[in-house]
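Peer 1: this one's structure only:
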């Protein structure tokens, strides 16, 4: 259902925010190629190091006797279902304004941009511009869909943290290789992240004026002062949009949360299915829980899509003794092929095709005007 004019006025970002969101789209072609190259280089470099130190062809050979094509097929199905649920979520949050095929394209492109920008930044602003242009929606409406999706993602992460911490009483969620310092550092990071998400959600949905005041206070610091007007305008914009979000019925949030939780559960399940396909004797519960902890830990990685750091976390969380050493590099490679490299390839094709189509649409009216 299309939003009414009053809602569009609330959702539309101010000119400064709109310019900031549109700016990345102009050099998107070069940024995309550089981002893909940088992400691939980091990931493959660390993967090569892992393979050099852990892979033994002679020791790996016997595990191939246990290879299950059905579990590999299930892993592929998990990837496809993750994309479909993510697309369904975007379509749902847009009130049906996004078509199914457009939602699938938007979800893949969002993953693509998330993988070529630092994990601490994410691909949300780029995805909003793509959705607006690809689906011919107002940029404010596309931005609202993306922002709310990001908020529910953060809430989903936040609720995962206490579950993982509670499970440590029964399952070895954190590998012994972390050591005492590493273990408590990760716990403190999780708790800090949980506090930040809860504060952000409260400030966004319940008391947005408090979030505006906090941001205005923080940006009074001398080295942040020049960015204060831009930050305050962005927070005022978020405050305006929160009114639309608060007006939604409870069922809207419940369904949105379920549509957000399912793709993340499929991400964790993918890790388990890949390992299970060659190592049926693995204990699935700690693998699944450690896969969730791995994805949370990747949020702290400053590299594009966590490339390089994620591979290191995989070895730390899912290496010996949980998974035999000869299987670490092969399972890591298959997991990254399905969850990372495939999205880089397909996303790059979609983005380049979109840019060519958008550039062609801009040239055609100029050519027609010249002919007249």
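Peer 2: Done, it's in. As the structure is a prediction and not an experimental result, all values here were calculated from the model. Numbers count the residues shown, from 1 in each chain.
Peer 1: my read is residue 169 is in a helix, agree?
Peer 2: No: under DSSP: H, G, I helix; E, B strand; the rest coil, residue 169 sits outside any helix and is assigned coil.
Peer 1: Count the neighbours of it for me.
Peer 2: 7 (other CB atoms under 10 Å). In short, each C-beta sits where N, CA and C put it, glycine included.
Peer 1: Then residue 347?
Peer 2: 25.
Peer 1: cool, residue 249 as well?
Peer 2: Using other CB under 10 Å: residue 249 sits among 7 other residues.
Peer 1: Can you give me the separation between it and residue 256?
Peer 2: 11 Å (CB to CB, to the nearest Å).
Peer 1: Quickly find the element holding the residue nearest to residue 107 when sequence neighbours are not counted.
Peer 2: Nearest residue to residue 107 in three dimensions, chain neighbours excluded: residue 86, at 4.0 Å (CB to CB, 6 or more residues apart in numbering). Assigned by DSSP states H and E, residue 86 falls within helix 69-93.
Peer 1: mind listing what's buried in that helix?
Peer 2: Using 16 or more other CB atoms under 10 Å as the test for burial, helix 69-93 gives 71-72, 74-75, 78-79, 82-93.
Peer 1: picking up where we left off before, was I right to think the residue nearest to residue 107 contacts residue 109?
Peer 2: No: using CB atoms under 8 Å, residue 86 is not in contact with residue 109; the gap is 11.1 Å.
Peer 1: any common contacting residues for these two?
Peer 2: Common neighbours of residue 86 and residue 109 are not found (criterion: CB atoms under 8 Å, 6 or more residues apart in numbering).
Peer 1: sorry, back to before: does anything pack onto the helix holding residue 86? Which helices or strands?
Peer 2: Applying 3 or more CB pairs under 8 Å, 6 or more residues apart in numbering; DSSP states H and E, we find helix 69-93 packed against helix 100-116, helix 139-167, helix 250-276.
Peer 1: Can you list the buried residues in stretch 351-358?
Peer 2: For stretch 351-358, by 16+ other CB under 10 Å, it's 351, 354, 355.
Peer 1: Count the residues that sit near residue 292.
Peer 2: Neighbours around residue 292, by other CB under 10 Å: 22.
Peer 1: Go ahead and confirm it touches residue 266.
Peer 2: No: judged on CB under 8 Å, residue 292 makes no contact with residue 266 at a distance of 11.7 Å.
Peer 1: Was I right to think residue 112 contacts residue 349?
Peer 2: No: taking contacts as CB under 8 Å, residue 112 lies outside contact range of residue 349: 9.4 Å.
Peer 1: Between those two, which is the more surrounded one?
Peer 2: Legend: neighbour count by other CB under 10 Å for residue 112 and residue 349, higher for residue 112 (28 against 12).
Peer 1: related to what we said a few turns ago, save the buried residues of stretch 351-358 as a markdown table, and put in distance to residue 35 and pLDDT too.
Peer 2: Below are the buried residues of stretch 351-358 laid out as a markdown table (distance: CB to CB, whole Å; pLDDT from 0 to 100):
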| residue | distance to residue 35 | pLDDT |
| --- | --- | --- |
| 351 | 10 | 88 |
| 354 | 16 | 82 |
| 355 | 14 | 81 |
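Peer 1: any chance of those residues in JSON lines, plus distance to residue 336 and secondary structure?
Peer 2: Below are the buried residues of stretch 351-358 laid out as JSON lines (distance: CB to CB, whole Å; DSSP: H, G, I helix; E, B strand; the rest coil):
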{"residue": "351", "distance to residue 336": "20", "secondary structure": "helix"}
{"residue": "354", "distance to residue 336": "25", "secondary structure": "helix"}
{"residue": "355", "distance to residue 336": "26", "secondary structure": "helix"}
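Peer 1: Relative to residue 52, which of the residues you listed is nearest.
Peer 2: Nearest to residue 52 among those: residue 351, at 33.1 Å, using CB to CB.
Peer 1: picking up where we left off before, ok, the buried residues of stretch 351-358 vs residue 306, which is closest?
Peer 2: For those, the nearest to residue 306 is residue 351 (20.0 Å; CB to CB).
Peer 1: now the closest one: how far from residue 345?
Peer 2: For residue 351, the distance to residue 345 - CB to CB - is 11 Å.
Peer 1: Same check on residue 173?
Peer 2: 33 Å.
Peer 1: cool, residue 158 as well?
Peer 2: Distance from residue 158 to residue 345, by CB to CB: 32 Å.
Peer 1: what does residue 307 give?
Peer 2: According to CB to CB, residue 307 stands 14 Å off from residue 345.
Peer 1: Any regions of this protein where pLDDT drops low?
Peer 2: Within the chain, the set of residues satisfying pLDDT under 70 comprises 1-32, 119-122, 140, 203-246, 358-372.
Peer 1: Not counting sequence-adjacent ones, nearest residue to residue 320?
Peer 2: Per CB to CB, 6+ apart, closest to residue 320 is residue 328, 7.5 Å.
Peer 1: Surely the one you found and residue 52 touch.
Peer 2: No: using CB under 8 Å, residue 328 is not in contact with residue 52; the gap is 11.6 Å.
Peer 1: These two - which one has more neighbours?
Peer 2: residue 328 (22 against 9).
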